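Participant: My questions are about this predicted structure, shown below with the sequence.
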Amino acid sequence: MSAVAVLLALTLVSRAGDTPKANPFLAVLSTSTQAELPSKAADLVAQADAKQQQQTTIDVVKAAVGLNPAAAAVIVGCIAQKTPAMAAIAAGTAAGLVPDQAVAIARAAAAAAPKQAGKIVEAICRVLPAAYAEVAEAVAEVVPGAGREILAGVSAAIPTLKGQIDNVLLASKDSVPSVNAVLDQVQSAASPANPWAGGGAIPSSTIPSGPISSALVHPVINPPYVVPPTSPVNYGTASGGTSSPVPPGGRTSSSP
């Protein structure tokens with residue numbers, strides 16, 4: 001009996017360890033009004049110990065955005081303004097929670113912490129790589145002088161684009177082209193109209209629809225053409241009897 005009791009106790013402890021920990025900031029933020037929520041979240045991040053500030057930012061953003069998803073951009077903006085070093089962490093965390101607000105979150109974070117523009121783009125693009133162009137262009141509009149940092153953020157988040165971005169920047173020599181111009185060239189290189197330039201697959205629209213003829217897959221090679229005889233040929237019957245000559249064009253029959 002004692003052995004069974006010990007086993008049950010160990011099982012309960014193991015299951016308790018698998019249970020996700022409750023967000024420590026949810027209770028604190030839940031007492032705030034919607035108007036106070038962004039500012040309160042920013043205060044919690046700013047007051048956190050330096051060693052725990054990154055995890056605190058993640059937990060605070062998760063709790064605050066969970067309480068008011070519509071205020072995600074405002075929450076991130078307040079955190080970025082009060083603690084610029086945590087702008088990218090806050091933006092990436094919030095974008096993962098509300099992907100449809102990624103562009104607004106990027107704008108708010110970049111406006112509050114312009115020196116973190118590249119890191120903000122990288123953090124969001126790591127979570128939402130498909131939205132890299134919209135996010136990068138939005139941040140470039142807010143911080144127009146950070147084009148090189150923004151493009152570096154895209155390259156760091158999506159390594160497959162690094163070569164193409166570097167080639168465009170190299171061709172521009174000393175001047176840095178706009179983020180929009182660079183990304184337009186990168187996207188056009190992999191567009192459906194020219195899929196090979198970007199290493200993409202051949203679009204299905206270029207492949208004929210319907211079943212593929214077996215003659216195309218396995219061509220049939222016929223024997224050499226033999227000219228039929230011009231004179232009638234007399235073929236005997238199987239029983240040794242006779243039959244009428246068969247004309248060159250073959251017999252015709254009025255009934256099947």
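Facilitator: Arrived safely, thanks for sending.
Participant: could you list every residue that touches G77?
Facilitator: G77 is in contact with 38, 108-109, 111-112, counting by CB atoms under 8 Å, 6 or more residues apart in numbering. Bear in mind the C-beta positions are built from the backbone N, C-alpha and C, glycine included.
Participant: Tell me how many other residues crowd Q164.
Facilitator: By other CB atoms under 10 Å, the residues close to Q164 number 20.
Participant: Look at it and give its secondary structure.
Facilitator: helix (DSSP: H, G, I helix; E, B strand; the rest coil).
Participant: To which secondary structure element is the nearest residue to it once chain neighbours are set aside assigned?
Facilitator: Computed as CB to CB, 6 or more residues apart in numbering, the closest residue to Q164 that is not its neighbour in sequence is V186, at 4.7 Å. Assessed by DSSP states H and E, V186 sits inside helix 179-189.
Participant: Then K21?
Facilitator: With DSSP H and E as criterion, K21 is part of no helix or strand.
Participant: how far away is it from P84?
Facilitator: Note on K21: its distance to P84, by CB to CB, to the nearest Å, is 28 Å.
Participant: do Q53 as well
Facilitator: 12 Å.
Participant: Give me the neighbour count for T56.
Facilitator: Using other CB under 10 Å: T56 sits among 21 other residues.
Participant: sorry, that was for L169
Facilitator: Residues near L169, counting by other CB under 10 Å: 18.
Participant: Next: T160.
Facilitator: For T160, using other CB under 10 Å, the count is 11.
Participant: Tell me the confidence at it?
Facilitator: pLDDT, T160: 93.
Participant: Same check on I75?
Facilitator: 98.
Participant: what's near enough to touch A110?
Facilitator: A110 neighbours (CB under 8 Å, 6+ apart): 87, 116-117, 120, 138-139, 142-143.
Participant: Swap in 10 Å and give it another go.
Facilitator: Contacts for A110 (CB atoms under 10 Å, 6 or more residues apart in numbering) come out as 77, 80, 87-88, 91, 116-121, 135, 138-143, 146, 150.
Participant: That one sits in which helix or strand?
Facilitator: Here A110 is assigned to helix 102-112, by DSSP H and E.
Participant: Could you measure from R126 over to A63?
Facilitator: R126 is 22 Å from A63, by CB to CB.
Participant: who has more neighbours, these two?
Facilitator: In terms of neighbours (other CB under 10 Å), A63 is the more surrounded of R126 and A63; the figures are 22 against 17.
Participant: Please tell me I have it right and the more buried one contacts P69.
Facilitator: No - with contacts counted by CB atoms under 10 Å, A63 stays clear of P69, the gap being 11.8 Å.
Participant: I165: neighbouring residues, count only.
Facilitator: I165 has 19 nearby residues by other CB under 10 Å.
Participant: Can you give me the distance of it to Q187?
Facilitator: 11 Å.
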